[in-house]
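*Asks:* Sequence plus predicted model, see below.
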Amino acid sequence: MTDQLLATRLRRLRLGAMADMVEAQNTASIRQKHSFLEFLERLVDGEIASRDNKGLTKRIKAARFPVPKTVEEFDFDFQPKLDVKLVKTLVSCDFVAKKENVILVGQPGTGKTHLAIALGMKACEAGQRVRFSTIQDLAATLRSALADATLEDRIADFVEPDLVILDELGFTPLDREVADVFYRIIARRYERSSIIITSNKSFESWAEVFPDAVIASAVLDRLVHHAHLVPIVGDSFRMKELKTPKHKGGANRKASSSV
């Protein structure tokens, strides 16, 4: 049987990666004097790796991250008060398996969203279904759903994933209708699946986000139970970048132009 004929049959079996690599692997196996089982093992490993990569790509796309971020890219030296040991423990994503929550609290620009996305990416790598949204986008989605009678479908979008990341709680207050639906999402996920929340407000100030203290208390109570609190006390990364000259000539030109 020729390599081309074998590749055709592999494609019929929906083994596309094996089909793509069969000719090259056959040549390599002959050169390296592999046994048939070794040749087959390498083909199967290639198919598995290809499917894993496609699955990961699909999960990351479904998560709707605004931009990809990794833990490895995070500048821990710039936030020396951050509990690095806790963050690196969370990277294992055991908190998702245990249906625990993560709450990142800090001022704007301190890296909350970066870490939330990075943990979401790790969850995707672990085979978990993830959904990311800012609170503002979630509010707009829920208002639209309330208007066109698709609310239950939109709630399901934020209840069914293994991990939901809700970013920027506290930047804008929620009206009564949106707050009620937000509470329903939190309540339905409670002790069933994990949530990552980022907020620029301390827990004492959450009442400012919700229409009344009762809803704020009910949401907070369910989120903090079985939760890992990650406070970030430090300067803004964005301000750091703004203050750092991109090149020496730029600063000199700016100075000379202002004279």
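*Replies:* Happy to help now that I have it. Residues are numbered from 1 along each chain as shown.

*Asks:* Can you show me the strands along the protein?
*Replies:* 101-106, 130-134, 163-169, 194-199, 227-232 (DSSP state E).

*Asks:* between those, which gets nearest to residue 182?
*Replies:* strand 163-169 (8.6 Å; Cβ to Cβ). In short, each C-beta sits where N, CA and C put it, glycine included.

*Asks:* Show residues contacting the closest one.
*Replies:* Residues from elsewhere that reach strand 163-169 (Cβ atoms under 8 Å, 6 or more residues apart in numbering): 96, 112-113, 116-117, 119-120, 123, 128-136, 138, 158, 185, 189, 193-201, 206, 209.

*Asks:* do stretch 128-144 as well
*Replies:* 59, 62-66, 93, 96, 116-117, 120, 123-124, 150-151, 154, 157-158, 160-172, 174, 177-178, 181-182.

*Asks:* Quick check: mean pLDDT of stretch 94-112?
*Replies:* The average pLDDT within stretch 94-112 is 95.

*Asks:* Figure out how far it is from the centre of its chain.
*Replies:* 11 Å (Cα atoms, centre = their mean, to the nearest Å).

*Asks:* Tell me where the model's unsure across this structure.
*Replies:* 1, 238-259 (pLDDT under 70).

*Asks:* which stretches of it form helices?
*Replies:* 3-12, 16-31, 36-63, 84-90, 94-97, 112-125, 135-148, 151-159, 176-189, 213-224, 237-243, 248-257 (DSSP state H).

*Asks:* quick one: the second one to helix 3-12, angle?
*Replies:* Translated: helix 16-31. Between the axes of helix 16-31 and helix 3-12, defined by axes from the mean of the first three to the mean of the last three Cα atoms, to 10 degrees, the angle is 150 degrees.

*Asks:* now helix 16-31 against helix 36-63, angle please.
*Replies:* 150 degrees.

*Asks:* Helix 16-31 - contacts with which helices or strands?
*Replies:* Here helix 16-31 touches helix 3-12, helix 36-63, going by 3 or more Cβ pairs under 8 Å, 6 or more residues apart in numbering; DSSP states H and E.

*Asks:* Format those helices as JSON lines; extra columns: distance to residue 20 and mean neighbour count.
*Replies:* Output for the helices and strands packed on helix 16-31, formatted as JSON lines (distance: least, Cβ to Cβ, whole Å; neighbours: other Cβ atoms under 10 Å):
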{"stretch": "helix 3-12", "distance to residue 20": "8", "mean neighbour count": "13"}
{"stretch": "helix 36-63", "distance to residue 20": "8", "mean neighbour count": "14"}
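
*Asks:* got the ones you listed as CSV, with distance to residue 214 columns?
*Replies:* As requested, those are exported to CSV (distance: least, Cβ to Cβ, whole Å):
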stretch, distance to residue 214
helix 3-12, 60
helix 36-63, 32
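
*Asks:* Looking at the ones you listed, spot the one closest to residue 73.
*Replies:* Nearest of the helices and strands packed on helix 16-31 (Cβ to Cβ): helix 36-63, 15.4 Å.

*Asks:* Mind giving me the packing neighbours of that closest one?
*Replies:* helix 16-31, helix 112-125, strand 130-134.

*Asks:* thinking again about what came up before, can you tell me which of the helices of the chain is packed in deepest?
*Replies:* Of all those, helix 112-125 carries the top mean neighbour count, a mean of 22, counting by mean count of other Cβ atoms under 10 Å.

*Asks:* who touches it?
*Replies:* Against helix 112-125 from outside (Cβ under 8 Å, 6+ apart): 56, 59-60, 63, 65-71, 73-74, 87, 90-93, 96, 102, 104-106, 130, 132, 162-163, 165, 167-168, 196, 198-200, 230, 232, 237.

*Asks:* go with 6 Å
*Replies:* 59-60, 63, 65, 69-71, 74, 90-91, 93, 96, 104, 106, 130, 132, 163, 165, 167, 196, 198 (Cβ atoms under 6 Å, 6 or more residues apart in numbering).
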